[in-house]
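[1] next come a sequence and a model predicted from it.
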Amino acid sequence: MKDSRKKIVLIAQDRESFTVDFEIASISTTLRSIINEFSFQEKTIRIPLYNINSRTLVKIIEYCRYHAELCKKKICLNTDSLHLNEKTIQENNWKISFFDVNDQALFNLSIAAAFLEINELLEFSTKMIAENLSKKGMLLSKNRLDINSVFLQN
């Protein structure tokens, strides 16, 4: 069922609703599976996402819209590097700007991407978490993540 006119209403944990087109929602494997379970006759499908807050859902939708636009232009996202090069300056600038969030928002984004099965977003977000942790050093990362393991003692 690939009806681009079908509207999907995503309901966040805090009950805020977001209406997106089928092509945007279908970037998520989880949402695509849910949508495909509904009747062909329904024009609007409401999907509660009680484990994703509205701030995170806004970022997810932003990513899916960007990804859908790139797909229309037949441009693939590159997960190999977030570093700038001449060929992908615009894409990488967007990624750097998109992931310019605090640690908690980045963790929430990663968890939501895993739940919604948006693999490229999950790869990008986990890379950013790893880069952020490596920049902060062992002790700060240990304290930030509340890790109390004897294996991580200096």
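    Ah, there it is. Numbers count the residues shown, from 1 in each chain.

[2] residue 63 is in contact with residue 98, correct?
    Yes. With contact defined as CB atoms under 8 Å, residue 98 reaches residue 63; the gap is 6.7 Å. C-betas here are computed from N, CA, C, even on glycine.

[3] neighbour-wise, which of these two wins?
    residue 63 (25 against 17; other CB atoms under 10 Å).

[4] ok, now which ones touch the more buried one?
    Listed by CB atoms under 8 Å, 6 or more residues apart in numbering, the contact set of residue 63 reads 98, 118, 121.

[5] ok, now with 7 Å
    For residue 63, the contact set (CB atoms under 7 Å, 6 or more residues apart in numbering) comprises 98, 121.

[6] over to residue 9?
    17, 19, 44-47.

[7] if we only consider those, which is nearest to residue 110?
    residue 47 (20.4 Å; CB to CB).

[8] other residues contacting whichever strand or helix holds the closest one?
    Secondary structure from DSSP states H and E places residue 47 in strand 44-48. Outside strand 44-48, the residues that touch it by CB under 7 Å, 6+ apart are 6-11, 31, 34-35, 38.

[9] so which pair among the residues you listed is furthest apart in space?
    Longest span within the contacts of strand 44-48, CB to CB: 6 and 11, 16.4 Å.
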